[in-house]
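Enquirer: predicted model and sequence below, questions to follow.
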Amino acid sequence: MPEQQHLVLIGLMAAGKSVVGRQLAARLRLPYVDTDQLVVAEHGPIPEIFARHDESFFRRAEARAVAGALASPVWSVISLGGGAVLDSGTAKLLAQATVVFLDTDLATVLPRISRTAHRPLLAGDPAARWTALAEVRRPIYESLADIVIDSRGLSVAEVVERITAALAEGEH
């Protein structure tokens, strides 16, 4: 595994970054940081941030949270919100980390995004909105990733196993 580099999980909404991140951190015996949770702790629930302010306010808060997590001297597993990579400063900071892109498809995430109301960017038609975001963001995730894990049809444990195997083999 890389020395003194954070392990950062990126990917689309509902790709499983948080649940995989927690289990991966436990497996590697590292602290776990969810940057969305850092934003929520400081500003309140994400839907309320969007309602009170706007997406640009959220993105600025998110960029600060990501920068703070990546600046920590404690090597950690860090999950980023789906749109965090859109910030150019965040994208540059990720060069100092080992970045894992959890790739997935609509069929995998549809049950997750259909039963939740806490994703403001998916309001209205979650499937169509998710698909549109995927078209724009997938190339960005791919360009930033050191490791790409296709998580379609895999359990969380299988995704964690594939990440740890890739790290052990130096596939990044």
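Expert: Ah, there it is. Residues are numbered from 1 along each chain as shown.
Enquirer: what about the nearest residue to Val109 once chain neighbours are set aside, how many neighbours?
Expert: Distances taken as C-beta to C-beta, 6 or more residues apart in numbering place Ala14 nearest to Val109, at 4.0 Å, with adjacent residues excluded. Placement of C-beta: from N, CA and C, glycine included. The number of residues packed near Ala14 is 22, by other C-beta atoms under 10 Å.
Enquirer: now do the SS call for Ala14.
Expert: Here Ala14 is coil, with the state taken from DSSP: H, G, I helix; E, B strand; the rest coil.
Enquirer: doesn't Arg129 make contact with it?
Expert: No. Judged on C-beta atoms under 8 Å, Ala14 makes no contact with Arg129 at a distance of 11.6 Å.
Enquirer: what's near enough to touch the closest residue to Tyr32 other than its chain neighbours?
Expert: Using C-beta to C-beta, 6+ apart and skipping residues adjacent in sequence, the residue nearest Tyr32 is Ala25, 3.6 Å away. Applying C-beta atoms under 8 Å, 6 or more residues apart in numbering, we find Ala25 in contact with 31-32, 76-77.
Enquirer: mind doing that once more with 7 Å?
Expert: 31-32, 77 (C-beta atoms under 7 Å, 6 or more residues apart in numbering).
Enquirer: please pick the buried ones from those residues.
Expert: Buried subset of the contacts of Ala25 (neighbour count, 16 or more other C-beta atoms under 10 Å): 32, 77.
Enquirer: and for Trp75, the neighbour number?
Expert: 17.
Enquirer: ok so it is a helix residue?
Expert: No. The assignment for Trp75 (three-state DSSP) gives coil, which keeps it out of a helix.
Enquirer: now it: phi and psi?
Expert: Note on Trp75: its backbone torsions stand at phi -60, psi 130 [degrees, to the nearest 10].
Enquirer: repeat that for Ala15.
Expert: The phi/psi pair for Ala15 (degrees, to the nearest 10) reads phi -70, psi -10.
Enquirer: please apply the same query to Lys17.
Expert: Here is the backbone geometry of Lys17 (degrees, to the nearest 10): phi -60, psi -40.
Enquirer: fine, thanks again, bye for now.
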